[in-house]
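Peer 1: next come a sequence and a model predicted from it.
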Amino acid sequence: MSFDVLQEKIREKKNPTVAGLDARIEYVPEYIRKEAFEKYGVGLKGAVEAIWQFNVGLIDALCDIVPAVKPQSAYYENLGWQGMEMLERTIRYAKEKGLFVIADIKRGDIGSTATAYAEGWLSGAPIEGQVFKSFDADCVTLNGYMGSDSIKPFLEAAKGEDKCAFVLVKTSNPGSGELQDVKAADGRTIYEVMGELNEQIAAGTEGKYGFTMAGAVTGATYPQQIQDLRARLPHTFFLVPGYGAQGGTAADVKYAFNEKGHGAIVNSSRGIMCAWKKTGGDGHDFQEAARNAAIAMRDDIAQFVTVE
Ligand SMILES: O=c1ccn([C@@H]2O[C@H](COP(=O)(O)O)[C@@H](O)[C@H]2O)c(=O)[nH]1
């Protein structure tokens, strides 16, 4: 239960950041693409092979620097069943390398359907009295705006296995305020209501660091709102996307952490995966470039946050 496993990994690496694996084919260096397309043809199969090679290279280059990776399911779903099979392989490979895997799936549905999603991504599918695992992520992202019954099945599935979930509270995108900043009848914003509901749902699951198993997504692009949420939600672990490519800075994300430097992890996807595009090379240096970008991000945040 809770976020103890992730917080331990963050402390071991002294690095509260997560590398996104949002593998678009354009992010893969040309020499990898060329080889895969020659072997499997230009199409879904070739793209899946190229992205698999890229992911393995990234994971190998980053596994001693970052505590976690966050594959975004959309970039695998768009390649059909072969993309999803490769996502399952990517998750397995990252876990073998000691990384905590956050599957960014942003699911949310009525309870019975949420249970099926939770089995697929976390606990495994029960078939004839046995449980069969597939994606087996450590953690998932959820869209909980359908209410507590869309979140609870994931917490049930996560409970037995030291897994956890992040629920969207205040997202990083430009349109997030259209609904999330609207004031409810009691004067709280909708994102505050969502955050407090989420902390309540998981009350009692706090681990040794004091965080429940239901974390919150709070975008780096809204530092004031992060500060507000940190004060309101002392038992909620935050996933903070929006650093780098979306404009969030280390000074913005510092508000997500508590006084011990605990309780948050900051994501960068394009900033790490596409770092090779900025070195002036032809992509053969993508591993070194990703590693350097991850180290620079860690050191940037360390100017503001010390993880005890
Ligand atoms: O509010 C949110 C929730 C999720 N995301 C996801 O994080 C990454 C960000 O990628 P960058 O390349 O570092 O911008 C991506 O997978 C989003 O789906 C988010 O950005 N904001």
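Peer 2: Nice, I can see it. Being a predicted model, the structure only gives us computed values, none of them experimental. Numbers count the residues shown, from 1 in each chain.

Peer 1: would the longest helix that the chain contains count as contacting the ligand?
Peer 2: If you go by DSSP state H, the chain has its longest helix at helix 44-62. No. Residues of helix 44-62 contacting the ligand under C-beta under 6 Å from any ligand atom: none, with a closest distance of 13.4 Å. (C-beta placed from N, C-alpha, C; glycine too.)

Peer 1: ok, and what's touching that helix?
Peer 2: 19, 21, 23, 25, 27-29, 32-33, 35-37, 39-40, 69, 71, 75, 79-80, 82-83, 85-86, 89-90, 93-94, 97, 99, 272-273, 286-288, 290-291, 294 (C-beta atoms under 8 Å, 6 or more residues apart in numbering).

Peer 1: for residue 126, which three-state class applies?
Peer 2: strand (DSSP: H, G, I helix; E, B strand; the rest coil).

Peer 1: numbering from 467 from now on, please.
Peer 2: Will do, 467 is the new start, and the previous item becomes residue 592.

Peer 1: tell me how far it lies from residue 599.
Peer 2: Residue 592 is 11 Å from residue 599, where distance means C-beta to C-beta, to the nearest Å.

Peer 1: and for residue 765?
Peer 2: 37 Å.

Peer 1: just to be sure, residue 635 is in a strand?
Peer 2: Yes. Note on residue 635: a strand contains this position according to three-state DSSP.

Peer 1: quick check: it touching residue 685?
Peer 2: No. Between residue 635 and residue 685 there is no contact under C-beta atoms under 8 Å: 9.2 Å.

Peer 1: between these two, who's got more neighbours?
Peer 2: residue 635 (31 against 26; other C-beta atoms under 10 Å).

Peer 1: who are the neighbours in contact with that one?
Peer 2: Contacts of residue 635 by C-beta under 8 Å, 6+ apart are 646, 657, 660-661, 664, 682-684, 695.

Peer 1: that's a helix at residue 617, yeah?
Peer 2: Yes. Applying three-state DSSP, one finds residue 617 inside a helix.

Peer 1: next one: phi and psi at the closest residue to it other than its chain neighbours?
Peer 2: Excluding the flanking residues, the one nearest residue 617 by C-beta to C-beta, 6 or more residues apart in numbering is residue 610, at 4.6 Å. Here is the backbone geometry of residue 610 (degrees, to the nearest 10): phi -90, psi 10.

Peer 1: give the contact list for the residue of the stretch 467-616 of the chain found nearest the ligand.
Peer 2: Minimum separation of the stretch 467-616 of the chain from the ligand (C-beta to the nearest ligand atom) falls at residue 538, amounting to 3.6 Å. Applying C-beta under 8 Å, 6+ apart to residue 538 gives the contacts 486-488, 570, 735.

Peer 1: mind doing that once more with 6 Å?
Peer 2: For residue 538, the contact set (C-beta atoms under 6 Å, 6 or more residues apart in numbering) comprises 488, 570.

Peer 1: what's it sitting at in phi/psi?
Peer 2: phi -90, psi 120.

Peer 1: measure how buried residue 764 is and give me the count.
Peer 2: What residue 764 shows, counting by other C-beta under 10 Å, is a neighbour count of 17.
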